[in-house]
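# need a 3D model of the sequence below.
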Amino acid sequence: MTHTPALSACKLTCRYPKMTAPVLDGLDLSLEKGEIFGLLGPNGAGKTTTLSILSTIRKPDAGTLTILGMNPRRNLRDIRRIIGLVPQDIALYPELTARENLRFFGKLQGLCGHLLSLRIETALAAVGLESRADEPVKTFSGGMKRRANLAAGILHEPEILFLDEPTVGIDAQSRQLIMDRIRALQARGTTVLYTTHYMEEARQICSRVAIMDQGRIRVQGTVDELLLDHPGCKDLGDLFLRLTGKTLRDG
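Below you'll find the model as predicted:
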């Protein structure tokens, strides 16, 4: 039987106008079905661009991508039905309630009628927003907005979920709820690609991690494997700084 990874990217390259160096420079990445894969890197490493290409929002300038054995150039509509993206920026309409936002995004995903209503209630319960579902998103705290953002991304029960810094700038309780929800998604069989700046989060939640810098994957594997391969690094944070340096980066 032929092994089909959840996602396979080979030699992805991406350039932006007026930039001399490529944002992605021959990036290789493979995700196994049902794993939580952490993508780590300093500001400007290319993480968000990577997610935009893997989630089919942007086309690479070169390289190949397959998602559950499908090629985005031939199967774009089918792929978009089975993937979800939770961007770092809150992708919700602030004047609408959480429920109204989910209804809107659910319809975009082709959900309707009783199934849509059921999925909305399930997603709201999953992120702990049932009691605030009919309040405008603009009245929510930062943590509540992050949780609503996640609800919109999981509403259609994607097989592969892309998360871009889903816990940045929020309270500890919301962070823990989001972490628990991601684990529950994995237990159900969802494949998760997760970018974060929080090394301890990556250590706790990810099956494997990759550290990228300057548009390339520097290392990838389980945290234990990577620490064994780099003697003297006591934890993932040490390894991250060894590979990417201590110079401050702008985004």
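# what packs against the longest helix seen in the chain?
The residue-count maximum for a helix in the chain (DSSP state H) belongs to helix 172-187. Packing contacts for helix 172-187, counted by 3 or more C-beta pairs under 8 Å, 6 or more residues apart in numbering; DSSP states H and E, involve strand 36-40, helix 142-154, strand 191-195, helix 199-205. From N, CA and C alone the C-beta is placed, and that goes for glycine too.
# swap the cut-off to 10 Å and go again
strand 36-40, helix 113-126, helix 142-154, strand 160-164, strand 191-195, helix 199-205 (3 or more C-beta pairs under 10 Å, 6 or more residues apart in numbering; DSSP states H and E).
# rebuild these as TSV, extending it with mean neighbour count.
Converted to TSV, the helices and strands packed on helix 172-187 look like this (neighbours: other C-beta atoms under 10 Å):
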stretch	mean neighbour count
strand 36-40	26
helix 113-126	16
helix 142-154	23
strand 160-164	24
strand 191-195	25
helix 199-205	17
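# out of these, flag the one nearest I178.
Of all the helices and strands packed on helix 172-187, helix 142-154 sits nearest to I178, with 6.0 Å by C-beta to C-beta.
# can you give me how far that closest one is from the chain middle?
Helix 142-154 sits 13 Å away from the centroid of its parent chain (C-alpha atoms, centre = their mean, to the nearest Å).
# so which of the helices and strands packed on helix 172-187 is nearest E100?
Of all those, helix 113-126 comes closest under C-beta to C-beta, at 9.8 Å.
# what does that closest one contact?
Helix 113-126 has contacts (C-beta atoms under 10 Å, 6 or more residues apart in numbering) with 98-103, 105-107, 109-111, 129-133, 147-148, 150-157, 177, 180-181, 184-185.
# what about 7 Å?
98-99, 102-103, 106-107, 111, 130, 133, 151, 154-155, 181 (C-beta atoms under 7 Å, 6 or more residues apart in numbering).
# okay, the angle between that helix and helix 142-154?
Here the directions of helix 113-126 and helix 142-154 differ by 140 degrees (axes from the mean of the first three to the mean of the last three C-alpha atoms, to 10 degrees).
# can you pull the contacts of K107?
Contacts of K107 (C-beta under 7 Å, 6+ apart): L116.
# surely it is in a helix?
Yes: using DSSP: H, G, I helix; E, B strand; the rest coil, the assignment for K107 is a helix.
# do you know how far it is from E135?
Going from K107 to E135 by C-beta to C-beta, to the nearest Å gives 21 Å.
# what about the residue lying closest to L102 once chain neighbours are set aside, distance to H114?
In space, and not counting its chain neighbours, L102 is closest to I120: 4.7 Å by C-beta to C-beta, 6 or more residues apart in numbering. According to C-beta to C-beta, I120 stands 11 Å off from H114.
# quick one: average pLDDT of the longest helix of the chain?
Helix 172-187 shows an average pLDDT of 94 in the prediction.
# could you give the angle of that helix to strand 160-164?
Using the same axes, to 10 degrees: helix 172-187 against strand 160-164 is 160 degrees.
# buried stuff in helix 172-187?
The neighbour-count check on helix 172-187 (16 or more other C-beta atoms under 10 Å) flags 174-175, 177-179, 181-182, 185-186 as buried.
# identify the residues contacting the residue lying closest to A91 once chain neighbours are set aside.
Leaving aside its chain neighbours, A91 sits nearest to N149 (6.3 Å; criterion: C-beta to C-beta, 6+ apart). Going by C-beta under 7 Å, 6+ apart, N149 touches 86, 90-92.
# keeping just the C-alphas, turn the longest helix of the chain into PDB.
Provided in PDB are the C-alpha atoms of helix 172-187 (Å, rounded to 0.1, in the frame of the first residue of the first chain):
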ATOM      1  CA  ALA A 172      -3.700  31.800  30.500                       C
ATOM      2  CA  GLN A 173      -7.200  30.400  30.700                       C
ATOM      3  CA  SER A 174      -8.000  31.000  27.000                       C
ATOM      4  CA  ARG A 175      -4.600  29.600  26.100                       C
ATOM      5  CA  GLN A 176      -5.200  26.400  28.000                       C
ATOM      6  CA  LEU A 177      -8.700  26.000  26.500                       C
ATOM      7  CA  ILE A 178      -7.200  26.400  23.000                       C
ATOM      8  CA  MET A 179      -4.500  23.900  23.700                       C
ATOM      9  CA  ASP A 180      -7.000  21.400  25.000                       C
ATOM     10  CA  ARG A 181      -9.200  21.900  21.900                       C
ATOM     11  CA  ILE A 182      -6.200  21.300  19.600                       C
ATOM     12  CA  ARG A 183      -5.400  18.000  21.400                       C
ATOM     13  CA  ALA A 184      -9.100  17.000  21.100                       C
ATOM     14  CA  LEU A 185      -9.000  17.700  17.400                       C
ATOM     15  CA  GLN A 186      -5.900  15.500  17.000                       C
ATOM     16  CA  ALA A 187      -7.600  12.700  19.000                       C
END
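# nothing else from me, thank you.
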